[in-house]
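quick one: sequence plus predicted model below, questions after.
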Amino acid sequence: MNGQTGKLKSLLLIGLFWLAGGLSEACAQAVGFTEFIYPMGLLKPTDSVPALKVGEAAPDFSLPAVAGGKVSLSQFRGQKNVVISFVPAAWTPVCSGQWPGYNISKDLFEKHDAILLGITVDNVPTLYAWTKQMVNQNEKLWFPVLSDFYPHGAVASRYGVLRSDGTSERALFVIDKKGIITYIDVHDINQRPLLDELAKALARLNR
């Protein structure tokens, strides 16, 4: 019972910080792995050259997934709307709160018939360890986590979100079932994108 209570408290804390727009580092603390998070300090908000615009076709890709095998953007064509979440690096404060927030917001994506694809430039073993720590040991992230490690940052570069230090921007792309980009948010890397803005972008898909 104590284990279940602790788990529920952690999920509740994550949800409260997420809805309130609180610091993502606090979300990381809620799930108990703050000691593993590398303090990045304040970074240049954006550091890349835009390559894509709303209304353009999203470039296809095929990347290795933490769960095994590869996941391609094209496999969802005609089947699902897609949200791509690029985050800069594993084991960093904001990133370590952003994806747990999406994990407890699964209903939002299902409501709009959307799949979320999480992408970083880290290798698969690093992402495996990070995502294992990110959620309760008896759970897992409901969405695929993909490695853009080799060729390094190739997909991030194609999407115009590869930073000069080799990490990616904190960026969201919403892609409809026809493969067309309907929303782009290249966010301040130091801040977590608000879920409300993504929810509005997904709602527009049904209009």
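Ah, there it is.

which stretches of this structure form strands?
62-64, 70-72, 81-86, 114-120, 145-147, 170-175, 181-187 (DSSP state E).

can I get the ones you listed in JSON lines with distance to Asn103 and mean pLDDT?
Yep, even glycine has a C-beta here, placed from its N, CA and C like the rest. Below are these laid out as JSON lines (distance: least, C-beta to C-beta, whole Å; pLDDT from 0 to 100):
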{"stretch": "strand 62-64", "distance to Asn103": "20", "mean pLDDT": "98"}
{"stretch": "strand 70-72", "distance to Asn103": "17", "mean pLDDT": "98"}
{"stretch": "strand 81-86", "distance to Asn103": "11", "mean pLDDT": "98"}
{"stretch": "strand 114-120", "distance to Asn103": "9", "mean pLDDT": "98"}
{"stretch": "strand 145-147", "distance to Asn103": "11", "mean pLDDT": "98"}
{"stretch": "strand 170-175", "distance to Asn103": "16", "mean pLDDT": "98"}
{"stretch": "strand 181-187", "distance to Asn103": "19", "mean pLDDT": "98"}
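
in this protein, which helix or strand is least confident?
helix 24-30 (a mean of 40; mean pLDDT, DSSP states H and E).

residue ranges in the protein under the pLDDT threshold?
1-33, 136-138 (pLDDT under 70).

if you set the cut-off to 90 instead, what comes out?
Applying pLDDT under 90 to the chain flags the ranges 1-37, 39-41, 93, 95-97, 132-140, 206-207.

could you give the bridge partners of the residue nearest the centre of it?
Centroid-nearest residue in the chain: Ser85, 3.6 Å away (criterion: C-alpha atoms, centre = their mean). Beta bridges link Ser85 to Gly118, Leu172, judged by DSSP bridges.

all helices for the protein, in order.
In the chain, the helices defined using DSSP state H lie at 2-20, 24-30, 95-103, 106-111, 124-134, 154-158, 195-203.

buried residues, the shortest one. List them.
Read it as helix 154-158. Judged by neighbour count (16 or more other C-beta atoms under 10 Å), helix 154-158 contains these buried residues: Val155, Ala156, Ser157, Arg158.
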